[in-house]
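# Need the 3D shape of this:
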Amino acid sequence: MEALSVLAVAVASGKAGYVFLQRGQLQDWGITVKAAGSSAELVGFAQGLINELRPDVVVTEDCTKNCRKGKESKRLIQSLAELASHNSVLDVSVPRPRLFQSKYEEAQRLAKDHPEIAGYLPVQKRRIFDFEPRSMVLFEALALAQEVMKGPPTRLAALMG
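Below you'll find the model as predicted:
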């Protein structure tokens, strides 16, 4: 499935991040705080990305079960999934993969695979009372994209009909 172009959008408390991969190579990425303020702003932001990047697949997190997101984040993710379904792209919602003991270990592994975003790795692991670094949402989006690209081909095939 690496031949497809994939736009993955992740939402976390007060922020959203996206990654765009084409043929398995990271082409574009970014973080927004402003657009994560409301569904309307986030949908407008995402529609701009879809119009500009022209992905084949838009990936969001599946918030139906085992999702650890808060109520507002779930609402924003649902808005994104709904937007994707109204565009001429394949919209896919996948459960958040949890293959590592921590998000920080996952981010380090993803940065090895995609060194162009290694500069976004947190300098140090956060303490329990610290806020999560803003950049972690990028690695969350990348994990979602890889879940679709490297996951079983039957998932995309079933969605394609």
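# Quickly run through the sheet partners of the helix or strand harbouring residue 60, with directions.
Using DSSP states H and E, residue 60 sits in strand 57-61. With DSSP bridges as the test, strand 57-61 is paired with strand 5-12 (parallel), strand 90-94 (parallel).
# after that strand comes which helix or strand?
helix 71-85.
# what does that next one rub up against?
Residues from elsewhere that reach helix 71-85 (Cβ atoms under 8 Å, 6 or more residues apart in numbering): 9, 11-13, 16, 36, 39, 42-43, 46-47, 50, 58, 60-61, 63, 67, 69, 91, 93. Where you see a C-beta, it was placed from the backbone N, CA and C, and this is true even at glycine.
# filter these to the buried ones?
Buried residues within the contacts of helix 71-85, counting neighbours by 16 or more other Cβ atoms under 10 Å: 9, 11-12, 16, 36, 39, 42-43, 46, 50, 58, 60-61, 63, 69, 91, 93.
# The closest residue in space to residue 35 that isn't next to it in sequence sits in which helix or strand?
Excluding the flanking residues, the one nearest residue 35 by Cβ to Cβ, 6 or more residues apart in numbering is residue 45, at 3.7 Å. Using DSSP H and E, residue 45 maps to helix 39-53.
# ok, residues contacting that helix?
Taking Cβ under 8 Å, 6+ apart as the rule, helix 39-53 contacts 5, 7, 9, 11, 16, 18, 20, 27-28, 32, 34-36, 58, 75-76, 79-80, 83-84, 87, 89.
# Quick one: work out the angle between that helix and strand 57-61.
150 degrees (axes from the mean of the first three to the mean of the last three Cα atoms, to 10 degrees).
# Straight-line length of stretch 58-72, end to end?
20 Å (Cα to Cα, to the nearest Å).
# With stretch 132-141 instead?
Start-to-end, stretch 132-141 (Cα to Cα) is 15 Å.
# What pLDDT is listed against residue 35?
On the pLDDT scale, residue 35 is placed at 90.
# what's near enough to touch it?
16, 41, 42, 44, 45.
# rerun that using 6 Å as the cut-off
41, 42, 45 (Cβ atoms under 6 Å, 6 or more residues apart in numbering).
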